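Visitor: need the 3D shape of this:
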Amino acid sequence: MKKHRIIFLLMFCIFISYCANTKIKKDEKLEINFVYSKHIDLVFHVLAYLKVNNASDLYDAEYINKISLEKHDFEYNIIPKINSLQEYYNVNFGRLTMINFLPFYCNDFNELKYRLINFNQFSQDDINYFINPFIEIMENESVFYFDYWDKLHNSNTAFRKSMEKYIKTELEKFNHLFIYFNKSSKVFMSYSIPRNGRGFHINGYFSAAIPFPENKNNFQNVFFMLLHEYTHQFTDNLINNINFDDGSHKLSENVVILADYYLIKGTDKSLIPNYIKMFSGNTTRNEEDFLSYFKIEKTLEMEITGLINSMIKVKQ
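Guide: Next up is the predicted model:
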């Protein structure tokens with residue numbers, strides 16, 4: 001079944017009528033909003049137990065083990081419950097993937113439950129065989145997770161401020177990106193997303209959810225991940241019908257990686273070595289190797305470089 005990212009992004013827009021349409025001028029300071037939310041993190045906490053057969057997968061055994069130590073004698077066993085939903089979710093991923101995005105348009109857990117049950121893209125079978133059981137799992141897990149989240153959030157104030165200061169400083173270097181698209185920045189920091197951020201549209205903002213860093217050594221990679229999710233929101237328009245089945249999703253990832261390479265190089269080239277390192281894994285690559293590995297069709301690359309050059313000119 002095809003998973004059309006652009007269609008999903010258009011679907012998101014029906015939820016954003018209440019969001020402010022923020023405008024940026026060249027001489028204005030970039031507006032950056034950091035958001036922390038229990039009900040959003042609860043969803044991704046549950047999804048960390050669910051094995052998904054594509055690149056959106058958040059299953060993480062290390063996270064599960066860490067949480068099991070925190071649960072102590074908490075009696076509810078999420079694993080058999082979430083495993084029973086795995087097949088249905090994977091078969092019907094094209095619709096059900098929206099559970100990854102609906103939480104960002106809800107103010108609390110009760111509103112989220114209402115939206116999930118009443119979202120018109122879900123079939124009645126979706127509601128019966130996945131949504132209702134998924135809500136029941138979240139309700140049970142919330143007994144543990146909300147208290148855990150509060151303790152975690154309240155205990156890391158100084159570290160959180162340090163991280164926010166770093167992200168803010170780096171984003172401000174890229175002010176020309178936000179001026180060019182007339183957008184501000186929303187950063188949803190998640191304690192439960194282990195990897196694979198989520199980018200989505202809110203009027204007037206580049207918006208994305210990214211993992212909360214474990215230590216200061218992760219600050220830069222988290223920033224690169226944030227920029228990656230923001231960039232998807234304008235480069236995906238260059239590719240039609242992005243899905244996980246035909247290679248177009250991989251192409252969209254290569255496009256973003258290259259677009260950010262050119263954007264970073266034109267903004268602060270001192271970041272390039274660590275950027276290349278992040279996307280090279282255990283392989284050592286120089287810039288030439290990096291560009292060759294993520295090579296795309298020439299016409300598309302020219303579109304990207306033309307777009308990036310237009311952004312770079314804004315700061316000059």
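
Visitor: any weak-confidence spans in the protein?
Guide: 1-27, 240-249, 316 (pLDDT under 70).

Visitor: helices of the stretch 101-250 of the chain, residue ranges please.
Guide: For the stretch 101-250 of the chain, helices defined by DSSP state H, counting those that start in this stretch occupy the ranges 109-118, 124-126, 132-155, 157-173, 175-181, 219-235, 248-267.

Visitor: alpha carbons of stretch 301-313, as CSV, please.
Guide: Taking C-alpha atoms only, stretch 301-313 is exported to CSV below (Å, rounded to 0.1, in the frame of the first residue of the first chain):
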residue,chain,number,x,y,z
GLU,A,301,20.0,18.6,-7.9
MET,A,302,20.0,21.8,-9.9
GLU,A,303,16.5,22.6,-8.6
ILE,A,304,17.8,22.1,-5.1
THR,A,305,21.0,24.2,-5.4
GLY,A,306,19.0,27.0,-7.1
LEU,A,307,16.5,27.0,-4.2
ILE,A,308,19.3,27.0,-1.6
ASN,A,309,21.2,29.7,-3.4
SER,A,310,18.1,31.9,-3.3
MET,A,311,17.9,31.4,0.4
ILE,A,312,21.6,32.2,0.9
LYS,A,313,21.2,35.5,-1.0
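
Visitor: how far away from the center of its chain is it?
Guide: Distance of stretch 301-313 from its chain centroid, counting by C-alpha atoms, centre = their mean, to the nearest Å, is 24 Å.

Visitor: just stretch 158-171 next, same as before
Guide: 18 Å.

Visitor: contacts for that stretch, please.
Guide: Stretch 158-171 is contacted by residues 30, 32, 34, 153, 185, 187, 189, 212-213, 216, 219-220, 222-223, 226 when judged by C-beta atoms under 8 Å, 6 or more residues apart in numbering. Heads up, the C-betas are built off the backbone N, CA and C, glycines and all.

Visitor: max pairwise distance over those residues: which two?
Guide: 30 and 153 (24.9 Å; C-beta to C-beta).

Visitor: for residue 96, find the nearest of the helices of the stretch 101-250 of the chain.
Guide: Among these, if distance is taken as C-beta to C-beta, the winner is helix 124-126, at 6.3 Å.

Visitor: any idea how far the closest one is from the chain center?
Guide: Using C-alpha atoms, centre = their mean, the offset of helix 124-126 from its chain centre is 26 Å.

Visitor: pull out the buried positions in it.
Guide: Neighbour-count burial for helix 124-126 flags residue 126 (criterion: 16 or more other C-beta atoms under 10 Å).

Visitor: my understanding was that residue 56 contacts residue 98; is that so?
Guide: No. Residue 56 is beyond contact range of residue 98, at 11.6 Å (criterion: C-beta atoms under 8 Å).

Visitor: count the neighbours of residue 78 for me.
Guide: 23 (other C-beta atoms under 10 Å).

Visitor: give me the distance between it and residue 182.
Guide: Using C-beta to C-beta, to the nearest Å, residue 78 is found at 43 Å from residue 182.

Visitor: cool, and residue 310?
Guide: Residue 310 is 13 Å from residue 182, by C-beta to C-beta.

Visitor: cool, and residue 299?
Guide: For residue 299 relative to residue 182 (C-beta to C-beta), the value is 27 Å.

Visitor: do residue 89 as well
Guide: When residue 89 is compared with residue 182 (using C-beta to C-beta), they lie 37 Å apart.

Visitor: the more surrounded of these two?
Guide: Neighbour count, other C-beta under 10 Å: between residue 89 and residue 182, residue 89 has more, with 22 against 12.

Visitor: can you tell me the centre-most residue of the chain?
Guide: Against the mean C-alpha coordinate of the chain, by C-alpha atoms, centre = their mean, the closest residue is residue 198 at 1.6 Å.

Visitor: skipping adjacent residues, who's closest to that one in space?
Guide: The shortest distance from residue 198 to any non-neighbouring residue, by C-beta to C-beta, 6 or more residues apart in numbering, is to residue 209 (4.4 Å).

Visitor: thanks a lot, catch you later.
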